[in-house]
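Undergrad: Provided below for reference: sequence and predicted model.
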Amino acid sequence: MKILLIGNYPYLYSKSMDKYANLLYDKLTERGHIVRLLKPFPILGKIKPSPNGLGKWLGYVDRFFLFIPSLKKAVSWADIIHICDHANAVYLPLVKEKPHVVTCHDVIAIQNACGDFYENTIKFFGRLFQKWILFSLEKSKNIICVSEKTKQDFIKLSRNKFHNNIIVIKNGMNYPFQPLKNEVAIDILEQFGINYSIPFFIHVGSNVWRKNKRGLFEITAKLSELWKNQIFNLVLVGEALTKELFDYAKSLGIESRIIQVGKISDRELQALYSISKGLIFPSIAEGFGWPIIEAQACGCPVFTTNRSPMTEIGGKAAIYFDIEDKLSAAKIIYSVLNNPELISEMKKNGYENAKQYSSDIMIENIEKLYTNII
């Protein structure tokens, strides 16, 4: 089967979407398919490589004008086209005559454009762009959603009343996360200057509003009040804190607890998960929630929001809290830390839960869909 995967423009810096497309490419190639991964190539975008400001507008020219001839040529070659990120559903008019599928990772930006989240506002052009994406996505003959939550959110937003073309295929692990031996993990942590003898929690995510860094810091501050006799740190994985966020942490008196390790490799992340006291993941909204299963696969207890899809992905192995009640969240985490039996049970259940997110299972289900479509 000749499969064309349409990936993301490099200067969008969409790490999760890139991992998804690369996983599809690697696994489908392993299974004997002829696969091409096509992405818009930066031409004007090289002048100002950025997803914001001038770089964003130059990127639009690259993505929606200069990329089109390459896309048309590739479409004629393929047996089936898979648009790996729903934000690229705007390319559907060029591929709709061929068997195709779109993966929808979340509809949070579309919901945001529709005013569903008071926590964040979106500008006029951004609202138009998201509505263009929704209009395009509704025209797809086949849609993969990565969680039941994403599927239900899309159905709620969509004007199309026929939803037999939507299937849930949950993401598979894109790296073989598993617990590292202590000595191996400690060697890696020392590269970041992390003193492993001091307990630490971990958070993985960017600074976007829905990752709720402010809420994370408030929970950490409350936890420090409860855990008075214990020094602990909070390790942040991802982009560096903005001055505004760092100042907020400082206003809560927890800046000395924060260790920023930046954007790290999966191996380094595995080491952090393997030693950490727990992942604190207080997201307001997600489409899936990769860190939940990554942490569980490494034996790291997961403390996360009592909203879907966090509850859907974490299953019975995670501990949930209300993000509106920071003190209650801190008390829940603190009580678990003082319950070794519960921690042991969380780790055991976490291993089992993570097993269902196998990349092989994911690819098998996608292959079946391809066959049915063709």
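TA: Happy to help now that I have it. Numbering: from 1, shown residues only.
Undergrad: any idea which element the most far-flung residue of the chain relative to its centre lies in?
TA: Distance from the centre of the chain peaks at residue 229, with 34.9 Å (Cα atoms, centre = their mean). Under the criterion DSSP states H and E, no helix or strand holds residue 229.
Undergrad: quick one: contacts for it?
TA: With contact set as Cβ atoms under 8 Å, 6 or more residues apart in numbering, residue 229 has no partners. From N, CA and C alone the C-beta is placed, and that goes for glycine too.
Undergrad: Which elements pack onto the strand or helix carrying residue 234?
TA: In this assignment (DSSP H and E), residue 234 forms part of strand 233-237. Here strand 233-237 touches strand 200-204, strand 258-262, helix 266-275, going by 3 or more Cβ pairs under 8 Å, 6 or more residues apart in numbering; DSSP states H and E.
Undergrad: Which is the succeeding secondary structure element to it?
TA: helix 243-251.
Undergrad: Which residues belonging to that following helix are considered buried?
TA: 245-246, 248-249 (16 or more other Cβ atoms under 10 Å).
Undergrad: wait, which of these is closest to residue 239?
TA: residue 245 (10.2 Å; Cβ to Cβ).
Undergrad: so what's that closest one closest to, chain neighbours aside?
TA: Nearest non-adjacent residue to residue 245, counting by Cβ to Cβ, 6 or more residues apart in numbering: residue 213, 5.4 Å away.
Undergrad: With residue 29 instead?
TA: Residue 29's closest residue in space is residue 35 (Cβ to Cβ, 6+ apart), at 5.0 Å.
Undergrad: Just the buried positions in stretch 264-284, please.
TA: Result for stretch 264-284 [16+ other Cβ under 10 Å]: buried residues 264, 268-284.
Undergrad: So which elements touch the strand or helix carrying residue 361?
TA: Using DSSP H and E, residue 361 sits in helix 359-373. On a contact count with 3+ Cβ pairs under 8 Å, 6+ apart, helix 359-373 meets helix 15-30, strand 80-83, strand 100-104.
Undergrad: Columns distance to residue 332 and mean neighbour count on top of those, output as JSON lines?
TA: Formatted as JSON lines, the helices and strands packed on helix 359-373 follow (distance: least, Cβ to Cβ, whole Å; neighbours: other Cβ atoms under 10 Å):
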{"stretch": "helix 15-30", "distance to residue 332": "27", "mean neighbour count": "18"}
{"stretch": "strand 80-83", "distance to residue 332": "40", "mean neighbour count": "25"}
{"stretch": "strand 100-104", "distance to residue 332": "32", "mean neighbour count": "24"}
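Undergrad: Which one, of the ones you listed, ends up nearest to residue 195?
TA: Using Cβ to Cβ, the helices and strands packed on helix 359-373 put helix 15-30 closest to residue 195, at 28.0 Å.
Undergrad: can I get the CA coordinates of the closest one in PDB?
TA: Below are the C-alpha coordinates for helix 15-30, written out as PDB (Å, rounded to 0.1, in the frame of the first residue of the first chain):
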ATOM      1  CA  LYS A  15       6.300  18.100  19.200                       C
ATOM      2  CA  SER A  16       3.400  15.700  20.000                       C
ATOM      3  CA  MET A  17       2.100  15.900  16.400                       C
ATOM      4  CA  ASP A  18       5.500  15.300  15.000                       C
ATOM      5  CA  LYS A  19       6.000  12.300  17.200                       C
ATOM      6  CA  TYR A  20       2.600  10.900  16.100                       C
ATOM      7  CA  ALA A  21       3.500  11.300  12.400                       C
ATOM      8  CA  ASN A  22       7.000   9.800  12.800                       C
ATOM      9  CA  LEU A  23       5.600   6.800  14.700                       C
ATOM     10  CA  LEU A  24       3.100   6.200  11.900                       C
ATOM     11  CA  TYR A  25       5.900   6.400   9.300                       C
ATOM     12  CA  ASP A  26       8.300   4.100  11.200                       C
ATOM     13  CA  LYS A  27       5.700   1.400  12.100                       C
ATOM     14  CA  LEU A  28       3.900   1.400   8.700                       C
ATOM     15  CA  THR A  29       7.300   1.100   6.900                       C
ATOM     16  CA  GLU A  30       8.200  -1.800   9.200                       C
END
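Undergrad: CA-only coordinates of the helix or strand just after that helix, as PDB, when you get a sec.
TA: Beyond helix 15-30 on the C-terminal side, the first helix or strand identified by DSSP H and E is strand 34-38. Only the C-alpha atoms of strand 34-38 are listed here, as PDB (Å, rounded to 0.1, in the frame of the first residue of the first chain):
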ATOM      1  CA  ILE A  34       5.600   2.300   0.900                       C
ATOM      2  CA  VAL A  35       5.200   5.400   3.000                       C
ATOM      3  CA  ARG A  36       6.000   9.000   2.400                       C
ATOM      4  CA  LEU A  37       5.900  11.700   5.100                       C
ATOM      5  CA  LEU A  38       5.300  15.000   3.500                       C
END
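Undergrad: Show me the shaky parts of the stretch 1-150 of the chain.
TA: 118 (pLDDT under 70).
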